[in-house]
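Student: Generate coordinates for the sequence data below:
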Amino acid sequence: MNEIKESLRNIEQSYKIFQQQQFTFIAALEHTRENAHDKIKPVSSIGQVQTYMDHHCNNTTDKRILLMFLNLCSDLSKLCQRLETLHSGNSTTNALLEKCKMLVSHSNDLSAIRAKYPHDVVNHLSCDEARNHYGGVVSLIPIILDCMKEWVAHSEKLPRNMIQSVSGKRGSQERRAAEEACRQGAAGTGLTVSGQPTSLSVATQTSLSLTDTPQESRRVQKKLQVGQGRTIGKLLDGPWKPPGKHSF
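Tutor: Below is the predicted model:
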């Protein structure tokens, strides 16, 4: 959780720098929308900003500020994926996470969202800009940040036994599946996972259980291991063939 908080703080610091250049951001959108002959519709998605930068951006200043916006959205998307693997959560945290995932989607329509107090990003726009063009795109990042901070606050109130890494669970499941596959494969060849014949392995366990002392157990185990090696060697050598230069 501390790593999540640190990542969130870093994104917030980057956003503060971006926020100070909001007029530059709006000017870049104006220029690129004009080049794209797309000045009637509002800026309604992250993907739309990406298209403006990729295909309709003619100067480095516009490209720099548009790229800063897109990088912030990318960082928020990656953090959202990390939140998803941190713990299974409850209905409240899951609802917040789903909201974050929807907001960071490149195709999500953000034209209707508006950041409210204490955020003042919309207040820096003219009435026409806020209502018809840029109110949603300037509101996106502060709304996502608020949503993620709320997720962290609720997650810290969860019982400690609920804060269990989902990725850790998946890793354990994968290991168990791999071990089970090995056991099934060994059963088909008559060998144990360790490469010993199944029947000999059982015999070893039975013989060891009948001994009285650790020294006798080790002696019996060593003797049986030698016998196992000979038996496996015979199995691998195949059927006996008479000697001779034409034998193979």
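Student: where do the helices sit along this protein?
Tutor: In the chain, the segments counted as helices under DSSP state H are 2-19, 22-35, 46-56, 60-86, 91-103, 127-132, 135-155, 166-189, 198-210, 214-237.
Student: Please spell out which residues along the second one are buried.
Tutor: The reference is to helix 22-35. 22, 24, 25, 26, 28, 29, 31, 32, 33 (16 or more other CB atoms under 10 Å). Placement of C-beta: from N, CA and C, glycine included.
Student: who does that helix touch, helix- and strand-wise?
Tutor: helix 46-56, helix 60-86, helix 135-155 (3 or more CB pairs under 8 Å, 6 or more residues apart in numbering; DSSP states H and E).
Student: and the direction of the first one versus that of helix 135-155, what angle?
Tutor: This points to helix 46-56. Helix 46-56 runs at 130 degrees relative to helix 135-155, counting by axes from the mean of the first three to the mean of the last three CA atoms, to 10 degrees.
Student: now this structure, which segments are flagged as low pLDDT?
Tutor: For the chain, the stretches flagged by pLDDT under 70 are 160-248.
Student: Domain-wise, how is it divided?
Tutor: 2-166, 184-237 (automatic domain parsing).
Student: Please tell me how far residue 58 sits from residue 114.
Tutor: Relative to residue 114, residue 58 is positioned 30 Å away (criterion: CB to CB, to the nearest Å).
Student: Residue 24 too?
Tutor: 21 Å.
Student: do residue 145 as well
Tutor: Residue 145 is 15 Å from residue 114, by CB to CB.
Student: what does residue 29 give?
Tutor: 17 Å.
Student: Then residue 47?
Tutor: 20 Å.
Student: do the same with residue 98
Tutor: 20 Å.
Student: wait, isn't residue 129 in contact with residue 27?
Tutor: No - shown here, residue 129 and residue 27 do not form a contact pair, counting by CB atoms under 8 Å, at 11.2 Å.
Student: in stretch 2-14, what's buried?
Tutor: Quick answer for stretch 2-14 (16+ other CB under 10 Å): 4, 7, 8, 11.
Student: Make CSV from these and add distance to residue 84 to it.
Tutor: Compiled in CSV, the buried residues of stretch 2-14 are given as follows (distance: CB to CB, whole Å):
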residue, distance to residue 84
4, 11
7, 14
8, 15
11, 17
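Student: Between those, which sits nearest residue 93?
Tutor: When the buried residues of stretch 2-14 are ranked by distance to residue 93 (CB to CB), residue 4 comes first, at 12.2 Å.
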